[in-house]
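In: Sharing a sequence plus its predicted fold:
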Amino acid sequence: MSAPSRIFAPGVLEGQVILLSGGGSGLGRAATLELVALGAHVAICGRRIEPLEETVALAGARCSAHVCDIREEQQVDALVDDVLARYGRIDTLVNNAGGQFLAPAEEITPKGFRTVTRLNLDGTWLMTHAVATKAFIPAGDDGRPRGGKVISTTLSPHNGLAGMVHSSAARAGVENMMRELSIEWARFGIKLNAIAAGQFGTDVFMTKYPREMVAAAAGQVPIQRLGRPEEFAWLVAYLASPGGDFFSGSVLTIDGARDNHAGPWPPAVHVDDAGDPLRESRRG
Ligand SMILES: CCCCCCCCC/C=C/C(=O)SCCNC(=O)CCNC(=O)[C@H](O)C(C)(C)COP(=O)(O)OP(=O)(O)OC[C@H]1O[C@@H](n2cnc3c(N)ncnc32)[C@H](O)[C@@H]1OP(=O)(O)O
Ligand SMILES: NC(=O)C1=CN([C@@H]2O[C@H](COP(=O)(O)OP(=O)(O)OC[C@H]3O[C@@H](n4cnc5c(N)ncnc54)[C@H](OP(=O)(O)O)[C@@H]3O)[C@@H](O)[C@H]2O)C=CC1
């Protein structure tokens, strides 16, 4: 059973049904545990059943595991049908599944580029479209579209993460997808936002990339540390809660200021002999 939230009132998400992709690990697992602790039912999906079942074991009976590759249209359709059959509704979709490999752009093959854009951009679209058309746009008991929320994980820094041209491009696409749909689908009561995550110390982040880069990552963040998965989870919970009801078409960057500058301030080339930031002398 999930531990109580350290931030939000228990029950703030009571009765909500949330579909979250990539719930078997890292940020998705942390978000699932927080959402369940706040009273939501959370259906999680991923390609492998084992990590999903581990999350269910931690979260308890309000969480269910569904195998689905979000790149495959038929699997996505079947997933959304399953979740609707089981819970009768979906209130919030969290598009958290994603990822990429680190490689110099000139070495990325067409297949490699397509693999990453299919996962992050096409997969997010397939999930968003299926949930919108099956759960959010159809009329509820009052004869009006039910509406709902979509929260999509993207990537900071926004000015390009070197070694990840495919993912930098795909995540920019997702952010503009959320912005565009926030206009078109406002008439159905659908609110869509992106959470642009900086570097978070999840197991996969710590183990997938070259050791030297991971060791240097916290030093690249102005506040000089990596994000903690629970900090991501709290933002997801906030957006899913009534506190998030007036957000739509926004990109919420959660990255310790990494989007604005790489490294601590002042950098070594901007200090005087005492180590203080350089400053302009006054005139006159
Ligand atoms: C400042 C500090 C910064 C520190 C580091 C940078 C900051 C990072 C910020 C973001 C952090 C995170 O997202 S952390 C979380 C990351 N999590 C994930 O990435 C999980 C999901 N990822 C995956 O499943 C995989 O990585 C992914 C490749 C995307 C999809 O896997 P698949 O099994 O579908 O695909 P594969 O069969 O493995 O590969 C398909 C093709 O992709 C290409 N390919 C795959 N791996 C490749 C590789 N290592 N190098 C080249 N090319 C590769 C090849 O063309 C492959 O075809 P063939 O040639 O025919 O084999
Ligand atoms: N950690 C970080 O620093 C950052 C993370 N992000 C993004 O945040 C999200 C979560 O990252 P994090 O928790 O660190 O990483 P993880 O690798 O732990 O999480 C990715 C999750 O997505 C699932 N997944 C991957 N491909 C698919 C697919 N085709 N269909 C369905 N599920 C899939 C994985 O499960 P399975 O393999 O079983 O399918 C896994 O549970 C990702 O989108 C990531 O790129 C963004 C910026 C930084």
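Out: Thanks, I have it. Note that the structure is a prediction, hence the values are computed from the model and not measured. Numbering: from 1, shown residues only. Ligands and ions are numbered 1, 2, ... in the order given.
In: could you give the mean pLDDT of stretch 18-38?
Out: Along stretch 18-38, the predicted confidence averages to a pLDDT of 98.
In: Please compute how far it lies from its chain's middle.
Out: Per CA atoms, centre = their mean, to the nearest Å, the displacement of stretch 18-38 from the mean C-alpha position of its chain is 10 Å.
In: Ends of that stretch, what's the gap?
Out: Taking CA to CA, to the nearest Å, stretch 18-38 runs 12 Å from one end to the other.
In: who touches the helix or strand R179 falls within?
Out: With the criterion set as DSSP states H and E, the secondary-structure element containing R179 is helix 165-184. Identification of contacts with helix 165-184 by CB atoms under 8 Å, 6 or more residues apart in numbering yields 95, 98-100, 105, 108, 112-113, 115-117, 119-121, 124-125, 128, 132, 150, 152, 154-155, 158, 160-161, 190-194, 196, 248-249, 251. (Glycine included, C-beta is placed from N, CA and C.)
In: Any idea how many residues pack against the nearest residue to L121 once chain neighbours are set aside?
Out: Distances taken as CB to CB, 6 or more residues apart in numbering put A170 closest to L121, at 4.2 Å, once the chain neighbours are dropped. By the other CB atoms under 10 Å criterion, the neighbourhood of A170 contains 24 residues.
In: before we move on, back to that, which of the contacts of helix 165-184 come close to ligand 1?
Out: Taking CB under 6 Å from any ligand atom, the overlap between those and the neighbourhood of ligand 1 is G99, Q100, G112, T115, V116, L119, L155.
In: Figure out the helix or strand that the fifth one lives in.
Out: Using DSSP H and E, the secondary-structure element containing V116 is helix 110-117.
In: Say whether ligand 2 is contacted by that helix.
Out: No: contact of helix 110-117 with ligand 2 (CB under 6 Å from any ligand atom) is absent, the minimum separation being 9.5 Å.
In: in that helix, what counts as buried?
Out: When burial is assessed from 16 or more other CB atoms under 10 Å, helix 110-117 yields the following buried residues: F113, T115, V116, T117.
In: From the contact counts, what lies against it?
Out: Using 3 or more CB pairs under 8 Å, 6 or more residues apart in numbering; DSSP states H and E, the elements in contact with helix 110-117 are helix 165-184.
In: And the helix it packs on, what's buried?
Out: By neighbour count on 16+ other CB under 10 Å, the buried set for helix 165-184 is 165-168, 170-175, 177-179, 181-182.
In: now, which of the residues you listed sits nearest R86?
Out: Nearest to R86 among the buried residues of helix 165-184: L181, at 25.7 Å, using CB to CB.
In: give me the low-pLDDT residue ranges for the stretch 1-150 of the chain?
Out: 1 (pLDDT under 70).
In: Quick check: residues of the stretch 101-250 of the chain near ligand 2?
Out: Taking CB under 6 Å from any ligand atom, the part of the stretch 101-250 of the chain that reaches ligand 2 is made up of L119, G123, T153, L155, A197, Q199, F200, T202, V204, F205.
In: ok, the residue in the stretch 101-250 of the chain positioned nearest to ligand 1 to A105 distance?
Out: Of all residues in the stretch 101-250 of the chain, G112 sits closest to ligand 1, with a separation of 3.3 Å (CB to the nearest ligand atom). When CB to CB, to the nearest Å is the yardstick, G112 and A105 sit 10 Å from each other.
In: Tell me where the chain has strands.
Out: Along the chain, the segments classed as strands by DSSP state E run 17-21, 41-46, 63-67, 92-95, 148-155, 190-197, 251-254.
In: buried residues in stretch 39-53?
Out: Going by 16+ other CB under 10 Å, stretch 39-53 has these buried residues: G39, A40, H41, V42, A43, I44, C45, G46, R47, P51, L52.
In: Now the two most distant members of those residues.
Out: Put simply, by CB to CB the two of the buried residues of stretch 39-53 set farthest apart are G39 and R47, 28.2 Å from each other.
In: Helices of this structure, start to end?
Out: In the chain, the helices defined using DSSP state H lie at 26-37, 49-59, 73-87, 110-117, 123-131, 165-184, 203-208, 211-217, 229-240.
In: Now the last one: average pLDDT?
Out: What it means is helix 229-240. 98.
In: before we move on, the earlier item: of all the ones next to ligand 1 among the contacts of helix 165-184, which two lie farthest apart?
Out: Using CB to CB, the pair of those lying farthest apart is G112 and L155, separated by 17.2 Å.
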